[in-house]
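Trainee: I would like the atomic coordinates for the input below:
(2 chains)
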Amino acid sequence: MRKPLLVAQREIVESMKTKGFWIGILLFPVIIVLSIGAPVLLARAKSVRTYAVVDSSSWLADAVQRQSGIADTRRILLETANRQLTGGNVASLPPVLARIAPHVGAFTPSQLDSAARTLATGDAAPAAALPDSARNPVLDAREEYRAWWDTATASTIRGVHQAPARGKYRRVNATGDLNKRVADEELFAYFVIGRDPVADNRGMAYVAKNLADDALRNWYSEIATDVVRQRRLTQEGISPRTAAWLSDEVRFTERTVSASGEQTAVGLKDKLRQNAPVVFVYLLWISIFSITQGLLTSTIEEKSTRISEVLLSSVSPVQLMAGKILGVAGTGLTMIVTWVLTATIAVKYMPKLMGAPASLDLTPIMSDPALLASFVIYFLLGYMLYAAILIGIGSVVNTIQEAQALMMPVMMMLMLPLLAMIPIGQDPNGTFAKVMSYIPPFTPFVMMNRAAGPPALWEYVVTTFLLVAAIAGTLWASAKIFRIGILMTGKPPKVREIWQWVRTPTGVVPGRQE
Amino acid sequence: MPQTSASDAIVLQGIRKSFGDFVAVHDISLTVPRGTIYGFLGPNGAGKTTTIRMMMSIFYPDAGSISILGEPNSERIKDRLGYLPEEKGLYKNMTAVDLITYFGRLKGLAKKDARARAVALMTKYGLGEWITTKCKALSKGMGQKVQILATLIHNPELVILDEPFSGLDPVNVETVREAILTLKREGKTVVFSTHVMEQAEQICDAVVLINRGRVLIDGRISDVRHSGGRTVHLDYEGDGTVLRALAGVERVNDAGKHAEFVLKEGTDADDLLKQIVGRVRVRSFDTREASLHEIFVRAVGQDSATRGVTNA
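Mentor: Numbers count the residues shown, from 1 in each chain, chains lettered A, B, ... in the order given. Got it, this is the predicted structure:
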């Protein structure tokens, strides 16, 4: 066992000296940081869109603005409540919000609505719905809030929260030649509102140069729809409650059953658990794919530099093969563990550092011992199987180009579990999933995919047994190919020849000890 | 049939090896006594390398038996063997000393010992300046020396060198030859393969000639030379083409400045000399034992004539 370990050790030490290794290690964190940070930064950097409204109805544009102010205020109050409740940074809010934060934290959703109405419009009536202790502080805050709201810049608003429209869009007066102003990009777009929007859409228009970004149009039309709908209801004498009740959807509450058959509520954690296997299948696939590629490259390199036979003077072919499989796995694992750690840390802390809400809590997935254990086992078994195949291929070719032809079927075999991932995830115990589980090259991916099922214990036992048998058989055949192939020069052999090597006995092996 | 004896470094008995339909080694038996320099001779594709690989247990024979240093499976005693294959390569990005140390460790040396020995060997063989040079920066001759040192670092009892002289300039040929002779003086056994007969003639104690996977001739150099009869040797200057069409000559091996003549039955050396004088400038002319080259050309020619039809 000493010699394979020496071979593996050299493989790891030497590959850590290469630039490629360090680029691989360092590039990934950079990509992760960029992919999480860039959207936040981009959203921040996006300039405020200015728009104008030509309002023939003479009431809709103002109503939309009022409505939008209420919605933004509600979003800001919600953020205030969140910070108050989760121990976030309340002090960095504008003083007026910081002062009422303790009350806001205790509001119900409908109380948030009422407080937003009062603060945004100055109307005292909605505040009647607030609890006694909170009513006066909110009423007292009106003027200061309005003053802050009217003078705050877009970036100040975005400093509180990304969502409010006030941080993204700014309405300007509809003066001069609007078409020219849009053409000159002084205006992003302008809206034309018809004479009677309550009746129909006649005369409504949206004029812009940039048609790719339709966020402004969508936002404006959504609020306008709300306002107009309200008017239509009033006109027809339908109370808002009746309208809400009429348009209410029929919803089924999601519940699930535990292993012991009890019905329980579905939380975010359960949803993540259902999706976790998919994450692991991807990770498994990428790990196995990239590490075995490394093994192929390393084998071809050793062969083309003619060092293989020098090595064979000291170690047996099987020892050399074992050492390489171990060494490349060591290198690859180092890289992948670094990646996973970086990704986990980045997903957990980056958004917080950048002042954005944490997007996804991965802790429940990362800490599930059963999932982790099966990931490690399936990684090792899957790697062994594909390593055995690729080291065999690497030993008979001289260049990566020559390897390509032989790699085709292997690649197709590897693609299948990825393509089957969604159907298997949806029906983890269906016939298709079951059949796929018993085909060794697919077993690691498919069984990982089915973990949410989960499959019965005996299925794990039988499929793992088949997989281990396949690994043993492949390693045996691969060792025979490796023994001859690694020393061959010139044109790569035909598949028929390789098959002949596998079939014919190695020769008379006297009391072999490897 | 050779007899196994404790004093023999290598004993092969009736070994055979094929790859698919191709038979690389038909039937080879030979004995290499300990403490000798033994030459493996034969044309390209004769089966020399396959035979050597079987000695190193890189391949296993389909039939026959092998004994290396008295051990049937050389894998168990790999640490007592040194092997320099014909296809030589280095890890380009490793330094010379790291590479030699690595091979020493693979041969069972402790890390510290291996490194100390690597440094000592490199200094001894004039590579002291290149100890920490990366292998890709070494010249071909230096690379070859590094490889030979990697073969010798663990002080092996039996050293097998496959074409150790190929691609070397005369200075490096001399270095390698000196290394081989040093090994012999230290009581080691050295087996090397070559297709350059002069090299074998100069340093081997015994040789074997292999052609098409079979042994044609083997034995001590003196015995082999003796078996070849006598030939006429000529050193000359001038246009050698005239030497090809002389009467009474069975065959001529012309190397440009030196020619060896095999005379037909009943022809005298004097007759030959008379024909040559005046056509080229004669430097020396004498009759002595046939060269290995002549003996092997003859043996390979006969072998091809008898088997050529069925085995071509």
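Trainee: all contacts plus neighbour counts: C-alpha atoms, from now on.
Mentor: Fine.
Trainee: tell me the contacts of the residue in the stretch 201-312 of chain B that chain A sits nearest to?
Mentor: Nearest to chain A, among the residues of the stretch 201-312 of chain B, is B:Gly213, at 16.7 Å (Cα to the nearest Cα). Neighbouring residues of B:Gly213 by Cα atoms under 8 Å, 6 or more residues apart in numbering or on different chains: B:23-28, B:46-48.
Trainee: and it, its phi and psi?
Mentor: Main-chain dihedrals, B:Gly213, degrees, to the nearest 10: phi 80, psi 10.
Trainee: distance of it from B:Thr51?
Mentor: Per Cα to Cα, to the nearest Å, B:Gly213 is found 9 Å from B:Thr51.
Trainee: quickly list what's touching both of these two.
Mentor: Joint contacts of B:Gly213 and B:Thr51 (Cα under 8 Å, 6+ apart) are B:Val25.
Trainee: which positions in the stretch 51-200 of chain B make contact with chain A?
Mentor: B:56-63, B:72-73, B:75-76, B:78-79, B:82-85, B:87-91, B:94, B:103, B:105-107 (Cα under 8 Å from any Cα of the partner chain).
Trainee: can you list contacts of the helix ranked longest in chain B?
Mentor: Longest among the helix segments of chain B by residue count, using DSSP state H, is helix B:292-311. Here helix B:292-311 makes contact (Cα under 8 Å, 6+ apart) with B:197-198, B:201, B:209, B:211, B:216-217, B:224-225, B:228, B:253, B:260.
Trainee: could you dump those into a markdown table and include neighbour count and secondary structure?
Mentor: Putting the contacts of helix B:292-311 into a markdown table (neighbours: other Cα atoms under 10 Å in any protein chain shown; DSSP: H, G, I helix; E, B strand; the rest coil) gives the following:
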| residue | neighbour count | secondary structure |
| --- | --- | --- |
| B:Met197 | 17 | helix |
| B:Glu198 | 12 | helix |
| B:Glu201 | 18 | helix |
| B:Leu209 | 25 | strand |
| B:Asn211 | 24 | strand |
| B:Leu216 | 17 | strand |
| B:Ile217 | 17 | strand |
| B:Val224 | 21 | helix |
| B:Arg225 | 19 | helix |
| B:Gly228 | 17 | coil |
| B:Asn253 | 16 | strand |
| B:Glu260 | 22 | strand |
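Trainee: helix or strand for B:Asp27, which one?
Mentor: strand B:22-33 (DSSP states H and E).
Trainee: swap that for A:Ala469, please
Mentor: Per DSSP H and E, A:Ala469 falls inside helix A:457-485.
Trainee: below-threshold pLDDT in the chain: ranges please.
Mentor: Reading this off chain A. Residues of chain A meeting the criterion pLDDT under 70: A:1, A:43-46, A:267-274, A:350-368, A:507-514.
Trainee: let's do chain B instead
Mentor: Ranges of chain B meeting pLDDT under 70: B:1-6, B:307-312.
Trainee: please enumerate the helices of it.
Mentor: B:48-55, B:96-106, B:111-124, B:140-152, B:170-185, B:197-203, B:221-227, B:269-276, B:292-311.
Trainee: which of those helices is buried the deepest?
Mentor: Per-stretch averages of neighbours, counted by mean count of other Cα atoms under 10 Å in any protein chain shown, single out helix B:96-106 among those, with a mean of 25.
Trainee: who does that helix touch, helix- and strand-wise?
Mentor: Applying 3 or more Cα pairs under 8 Å, 6 or more residues apart in numbering or on different chains; DSSP states H and E, we find helix B:96-106 packed against helix A:2-16, helix B:111-124, helix B:140-152.
Trainee: mind checking how far it is from the chain centre?
Mentor: 26 Å (Cα atoms, centre = their mean, to the nearest Å).
Trainee: list the contacts of A:Met284.
Mentor: Met isn't right for residue A:284; it's Leu. A:375, A:378-379, A:445.
Trainee: wait, which of the residues you listed is closest to B:Val191?
Mentor: Relative to B:Val191, the closest of these is A:Phe379; by Cα to Cα it sits at 46.7 Å.
Trainee: wait, that closest one touches A:Met447, no?
Mentor: No. Counting by Cα atoms under 8 Å, A:Phe379 does not reach A:Met447; the two are 11.5 Å apart.
Trainee: which one's more surrounded, these two?
Mentor: A:Met447 (29 against 21; other Cα atoms under 10 Å in any protein chain shown).
Trainee: chain neighbours aside, what residue packs nearest to that one?
Mentor: Spatial nearest neighbour of A:Met447, excluding adjacent residues (Cα to Cα, 6 or more residues apart in numbering or on different chains): A:Ser437 at 6.1 Å.
Trainee: does that neighbour touch A:Arg450 like I think?
Mentor: No. Look at A:Ser437 against A:Arg450 with Cα under 8 Å: they stay out of range, at 9.0 Å.
Trainee: how about the helices of the stretch 51-200 of chain A, start to end?
Mentor: A:60-86, A:95-104, A:109-121, A:132-151, A:154-160, A:178-183 (DSSP state H, counting those that start in this stretch).
Trainee: so which of these is nearest chain B?
Mentor: Nearest of those to chain B, taken as Cα to the nearest Cα: helix A:154-160 at 52.5 Å.
Trainee: by contact count, what packs against that closest one?
Mentor: In terms of contacts (3+ Cα pairs under 8 Å, 6+ apart), helix A:154-160 is packed against no helix or strand at all.
Trainee: now A:Val310: how far from A:Ser298?
Mentor: 16 Å.
Trainee: more neighbours, these two?
Mentor: A:Val310 (22 against 18).
Trainee: and the residue nearest the centre of chain B?
Mentor: B:Ser193 (2.5 Å; Cα atoms, centre = their mean).
Trainee: number of nearby residues for residue 190?
Mentor: Went with chain A since none was named. The burial count for A:Tyr190: 23, using other Cα under 10 Å.
Trainee: wrong one, I was asking about chain B
Mentor: 26.
Trainee: so it sits right up against B:Ile37, yeah?
Mentor: Yes. Judged on Cα under 8 Å, B:Val190 makes contact with B:Ile37 at a distance of 4.8 Å.
Trainee: any shared contact partners between the two?
Mentor: With Cα under 8 Å, 6+ apart, B:Val190 and B:Ile37 have common neighbours B:Lys184.
Trainee: for chain B, what are the nearby residues on the stretch 251-400 of chain A?
Mentor: A:305-317.
Trainee: buried subset of the residues you listed?
Mentor: A:306-317 (16 or more other Cα atoms under 10 Å in any protein chain shown).
Trainee: nothing else from me, thank you.
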